[in-house]
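Visitor: Provided below are the primary sequence and the corresponding predicted coordinates.
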Amino acid sequence: MTVIIYHNPDCGTSRNTLAMIRQSGVEPTIVEYLKTPPSRDRIAKLVRSAGISLRAALRQKETPFTELGLADVSLSDEALLDAIGTYPILLNRPFVVTPIGTRLCRPSEVVLDILENPDIGPFTKEDGEVVIDAEGKRIV
């Protein structure tokens, strides 16, 4: 099975996650989900596989979350899926699927938990935060 990342190249967390996947020796299948949105069924499966609720997969910042009234906890998953279908930016990112599992990789170093080779060597995020030091010790 291939590694798949549902990616937004404009997102630092997504870029850091992709870099860690590549540093593990894998070139993943990249799905730019804003250009090629996943289907309702695929979104529901990603969320279930990640072990989170659909509500936990919603992105609030820099999206129409507030304008659409999505904070209303009485909204059904069907209504939330409708909103994500109309506005894919509402789906938080990056979701990563590997043979080990599926995760919403926020923070980006969560991806290390599902990589077949998590010993990727030293890694520093774009913002300068050290994730793995020169001795290979995970800092975060």
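Guide: Looks like it arrived, so ask away.

Visitor: tell me the centre residue of this structure?
Guide: P94 (1.9 Å; CA atoms, centre = their mean).

Visitor: What's the separation between it and P9?
Guide: 10 Å (CB to CB, to the nearest Å). No exception for glycine: its C-beta is placed from N, CA and C like everyone else's.

Visitor: Could you pull up the residues touching F65?
Guide: Neighbour list for F65: L58, R59, A71, L90 [criterion: CB atoms under 8 Å, 6 or more residues apart in numbering].

Visitor: sorry, that was for T102
Guide: T102 neighbours (CB under 8 Å, 6+ apart): L46, S49, A50, F95, V96, I114.

Visitor: let's see 7 Å
Guide: L46, S49, A50, F95, V96 (CB atoms under 7 Å, 6 or more residues apart in numbering).

Visitor: now the residue in the chain sticking out farthest from the centre: how far from N117?
Guide: Farthest-out residue of the chain from its mean C-alpha position, per CA atoms, centre = their mean: E135, at 27.1 Å. Distance, E135 to N117, by CB to CB: 17 Å.
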